[in-house]
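> Pasted the sequence and its predicted model underneath.
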Number of protein chains: 2
Amino acid sequence: MVLTAEILSIGDELLSGDIVNTNLAEIARALRQHGVVVERALSVPDEIDAISRALRAALSVVDRCIVTGGLGPTSDDLTAAAVAAACDLPLVRHPEAEAQVIAYFAARGRSADATQLRQADLPEGAAVLANPIGSAPGFACALGRGEVICLPGVPREMRALLAEVVLPRLAATGRLRPRARRIYRTLGLGEADLAAHIEPIAAAARGTRALRQLVVHYRVAAPEVFITLEAGDAAAAEAALRELDAPIQARLGGVLYGIGEAELAVRVGRALAEHGLRVAAAESCTGGRVAALLTATAGSSSYFHGGVVAYDNAIKTALLGVPEATLAAHGAVSEATARAMAEGLLRAFTGHAELAVAITGIAGPGGASPDKPVGTVDFAVADAAGTTHRRLHLRGDRPTIQHSAAMWALRLVWDRLVQRGLGRVLELDR
Amino acid sequence: MVLTAEILSIGDELLSGDIVNTNLAEIARALRQHGVVVERALSVPDEIDAISRALRAALSVVDRCIVTGGLGPTSDDLTAAAVAAACDLPLVRHPEAEAQVIAYFAARGRSADATQLRQADLPEGAAVLANPIGSAPGFACALGRGEVICLPGVPREMRALLAEVVLPRLAATGRLRPRARRIYRTLGLGEADLAAHIEPIAAAARGTRALRQLVVHYRVAAPEVFITLEAGDAAAAEAALRELDAPIQARLGGVLYGIGEAELAVRVGRALAEHGLRVAAAESCTGGRVAALLTATAGSSSYFHGGVVAYDNAIKTALLGVPEATLAAHGAVSEATARAMAEGLLRAFTGHAELAVAITGIAGPGGASPDKPVGTVDFAVADAAGTTHRRLHLRGDRPTIQHSAAMWALRLVWDRLVQRGLGRVLELDR
């Protein structure tokens, strides 16, 4: 039987809205990739009773309860006490955990005080899970149908413990069953329009044996929509899923920019690096977001040497050479300005960029005019072959428009690379 | 009795880790600010049984179950059917909802097809909650101790319905009880070190009547740590909490950069705007993130005219005038280069920036040397009075180091503004 899990996140800050639970998504993704079925995810406050009730309820239904948060040295760190209560065990000082806390501080030239040592008080008989990078040890305890596994809430500590200790521990059960799964990455159509294209293909696929249980999900992360096809638990479904690539691409055309996990910025970077090209960005309304997306990837210095954030008109003129007359005649948000920004950047970055993308628009909420409402964004892509322009009317609030414009800028660079035969949509990336 | 709630998030994508549940944090924050106690938050897959079981369980304990997700037109949108099952009601076409779906598409010059009209099939007797900006109507249904309230999963639609329809609906119960709450924003010390400073102050405060039930939370969002003090539900606690500002600032010194909700970039921007100053950023390892943080705020064009992303050394020389000899002698990550970047930017932006911040460092995982490990970052802040430098050794993976460096850059600008008497740490922002 496949291993099932609940993810239990602990912390008042999750229920007060002070924090976005990114740990949950990371743990869920890692478990899914390794073939654990995550049945539920629950967040509860820093209260011993609420935590221990949740633990008992979880382990009456699932095989593992993966807990994050509440493991630190401060007074609101109650996870160990709550697990002890749920398991009817006393909380005792674990010498192995104590040694880890002491070693952690010693490595930093400090001594662990009584507050820090509290992190070594764990339920009696718990297995201590060494924290490779932080002071709070994780631990595991038998309960109900299986086991409670507790990780720190600090994301990089959680991540390290999960990868190095927890996943091997789960794999040792021999009950992991990864499912066949394929993600189609799109930018340019809404969920319903995509569904109208995809559902007939999915319906036909369900007529075949390997894909009888095909499930389709649409995930909106504006401006992108990700279509996930999931099927069976057999390796046979992998190949059958892959055969849907061609019909899906035929239906979606340029809206489909890639298949698999890799983000658009990574695909753009990889294509540029493969062909020894560099891109630069001249950003107005995106305010550095295109540069940030491109530099998120290690090694990006090989295809991104820099950019200019030209938020003010005078900077567009001073650093990018946009003629004042162009700005006066057409305005900052115009085809002429976008083209001049991209071409000016390409000149300024001679020897450092073979492609340039420029973005100028109205992110809102202010700055609109009757003919240029909030969300109006002009893009230009320039290379040695010439400059192309596109105007889009993006929707949403300021952060959504800024992010959408940055993603569209990457998409237009990607389109140029694909047109030039330098990027391939159907290339699988994992 | 204060109104209690559970937030129920629906979608396989939440349990597969494909999506981070930002809706949860937004809803939780809005409910908390309005005085609803959120007791739990649960995520379940797109399965009618799992959803309806969760609804029944929630409404046997809390007064409201706020549901997001699963309201769209596609085949995995099952919320309405699940609510109908939980309430033992049939799913019927609601003419009012149907009219809204038709009007939504008509306003966009399209007609709603049968798939779209499915969104008007709701539990019999449900109250239709008009979606001000999307096609999927929300709805509310009586169940158990109170009511199920269903919102779309698309964040901006959820946000609009929550603010315009749901919060007024909850306020109409007369059972909202906002709590006194104060957030101290810090950058520069870890959770345990902060606790050592804060706990004695908190312990003393609990000796007073108004703050007897004082609760302290520490939230780590590297490189920041937010300390939240929460007390009672009385307006009296507000004033008592405020009296802790001075002792807390005295203990934390420069580590405390502000009190309240406003983010550091907003505080920096506000202080600059108040005094008619502009800042510019010369970014290497932060790759545009400082510019992105500054331009996230509407109106930032008054204090941010632009910046240069100088990822490659040659761009540092070409656009910022960093001497090649400086780069050759000291390397890109050095005090000399950081100073030259900041001063060069200030020259390049004459008339457009009175302050400049430069960031050059090793975000990793590659690029380290024995004397400059990953996380080594040199910062310089330049204004007419001179240039200051600081080297930090930041921890974490690449995205953490990049974000931390960008936040530290803002912090160093903030420090300069505070030193010059242009920014005030104790100013409350809400």
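Received, thanks.
> What score does A:A236 have for pLDDT?
Here the pLDDT value assigned to A:A236 is 79.
> That one: neighbouring residues, count only.
14 (other CB atoms under 10 Å in any protein chain shown). Quick note: C-beta positions are derived from backbone N, CA and C, even for glycine.
> residues contacting it?
Going by CB atoms under 8 Å, 6 or more residues apart in numbering or on different chains, A:A236 touches A:A210.
> Which of the three states applies to it?
On the three-state scheme (DSSP: H, G, I helix; E, B strand; the rest coil), A:A236 is labelled helix.
> what does A:A246 give?
Under three-state DSSP, A:A246 comes out as helix.
> Would you mind measuring from it to A:A202?
15 Å (CB to CB, to the nearest Å).
> Over to A:L346?
Applying CB to CB to A:L346 and A:A202 gives a distance of 43 Å.
> next SSE after the helix or strand hosting A:R53?
Here A:R53, judged by DSSP states H and E, is contained in helix A:48-58. Counting by DSSP H and E, the next helix or strand C-terminal to helix A:48-58 is strand A:64-68.
> for the helix or strand that that next one is followed by, packing partners?
Downstream of strand A:64-68, the next assigned helix or strand under DSSP H and E is helix A:79-87. Counting contacts by 3 or more CB pairs under 8 Å, 6 or more residues apart in numbering or on different chains; DSSP states H and E, helix A:79-87 is packed against helix A:48-58, strand A:91-93, strand A:121-123, strand A:138-143, strand A:146-151.
> Could you export these as CSV, including mean pLDDT, mean neighbour count and distance to B:A340?
Below are the helices and strands packed on helix A:79-87 laid out as CSV (pLDDT from 0 to 100; neighbours: other CB atoms under 10 Å in any protein chain shown; distance: least, CB to CB, whole Å):
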stretch, mean pLDDT, mean neighbour count, distance to B:A340
helix A:48-58, 97, 20, 53
strand A:91-93, 96, 14, 54
strand A:121-123, 96, 24, 52
strand A:138-143, 97, 23, 46
strand A:146-151, 98, 24, 44
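> Mind checking the ones you listed for the one nearest to chain B?
Closest to chain B of the helices and strands packed on helix A:79-87 is helix A:48-58 (CB to the nearest CB; 7.7 Å).
> Which residues outside that closest one are in contact with it?
Contacts for helix A:48-58 (CB under 8 Å, 6+ apart): A:6, A:8, A:10, A:40, A:42, A:44, A:65, A:67, A:70, A:78-79, A:81-83, A:85-86, A:143-144, A:148, B:39-40.
> picking up where we left off before, would you mind telling me which of A:L346 and A:A202 has the busier surroundings?
The residue with more neighbours, out of A:L346 and A:A202, is A:L346; 23 against 18, by other CB under 10 Å.
> Any figure for the gap between that one and A:I359?
15 Å.
> quick one, domains of chain A?
A:4-171, A:180-259, A:266-419 (automatic domain parsing).
> which residues does the most far-flung residue of chain A relative to its centre contact?
In chain A, the greatest distance from the average C-alpha position (CA atoms, centre = their mean) is reached by A:A325, at 42.3 Å. Counting by CB under 8 Å, 6+ apart, A:A325 makes contact with nothing.
> A:P399: neighbouring residues, count only.
If you count neighbours by other CB under 10 Å, A:P399 ends up with 12.
> Need the nearest residue in space to it, chain neighbours excluded.
Closest residue to A:P399 apart from its sequence neighbours, by CB to CB, 6 or more residues apart in numbering or on different chains: B:A296 at 6.5 Å.
> If I follow the layout properly, that neighbour ends up in contact with A:H403?
No. B:A296 is beyond contact range of A:H403, at 10.2 Å (criterion: CB atoms under 8 Å).
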